[in-house]
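**Student:** Show me how the following folds:
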Amino acid sequence: LQQSEVQFDALGVAIGAWRRAPGFRDVSLAKAQSGCKLRFLFMHQENPLLQGLSYEGREIKTIVDTILEARDFFAKLASAHENIEARQIVAGLPHFSIARADGQAILTQYLSTETWGSGPTWRCSEGSPLHSVVVREFEHLWKHSNSVA
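**Tutor:** From the prediction side, this is the model:
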């Protein structure tokens, strides 16, 4: 996020790691103020596919509560600057998280046996086949999502 100048996109179930990062809100607002476009995409609390995420002690209520926290946080953040948008995925289920900025993308796979964020991670550059897939997937989910603000 700090290296982004033009765009920054983040996608995940509740993108909690971003929200909990020290200074995240201030850095996001500063980036937006400088002209960077920020988009945050996460699950909708009523997405029926969330039921598939409840396993090995992970209660669906805990996941929904985390999503509701994300909704409130990102709604406030998006209302603070026009260059910040946040949406929720009402249909579909990403089995990965994405961070994309200025020609680079990072994709981290969600695995049933690993804590989210600890799965295999790929970094790719604009022009690579994986980067093209990441961009298409983000844009597809973004197009079919609902605004939080």
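**Student:** Which strand or helix spans Lys76?
**Tutor:** Per DSSP states H and E, Lys76 falls inside helix 60-80.
**Student:** Would you mind listing the outside residues contacting that helix?
**Tutor:** 13-16, 19, 25, 28-29, 32, 40, 42-45, 50-51, 53-54, 84-86, 88, 148-149 (CB atoms under 8 Å, 6 or more residues apart in numbering). Just so you know, the C-beta spots here come from the backbone N, C-alpha and C atoms, and that holds for glycine as well.
**Student:** Quick check: next helix or strand after the helix or strand of the chain with the lowest mean pLDDT?
**Tutor:** When the helices and strands of the chain are scored by mean pLDDT, DSSP states H and E, helix 16-20 comes last with a mean of 88. Under the assignment DSSP H and E, the closest C-terminal helix or strand after helix 16-20 is helix 24-33.
**Student:** Now His44: closest residue in space, sequence neighbours ignored.
**Tutor:** Leaving aside its chain neighbours, His44 sits nearest to Gln88 (3.8 Å; criterion: CB to CB, 6 or more residues apart in numbering).
**Student:** picking that back up, list of residues touching the very next helix or strand once past the helix holding Lys76?
**Tutor:** Per DSSP H and E, the first helix or strand lying C-terminal to helix 60-80 is strand 84-89. Under the criterion CB under 8 Å, 6+ apart, residues 28-29, 32, 37-45, 47, 67, 71, 74-75, 77-78, 141-142, 144-149 lie in contact with strand 84-89.
**Student:** ok, back up a step: burial check on the residue nearest to His44, number of neighbours?
**Tutor:** Neighbour count of Gln88, defined by other CB atoms under 10 Å: 22.
**Student:** For His131, which three-state class applies?
**Tutor:** Classification of His131 using DSSP: H, G, I helix; E, B strand; the rest coil returns helix.
**Student:** tell me the SS of the nearest residue to it once chain neighbours are set aside?
**Tutor:** With CB to CB, 6+ apart as the criterion, His131 has its nearest non-adjacent residue at 4.3 Å, and that residue is Cys124. Following three-state DSSP, we place Cys124 in the strand state.
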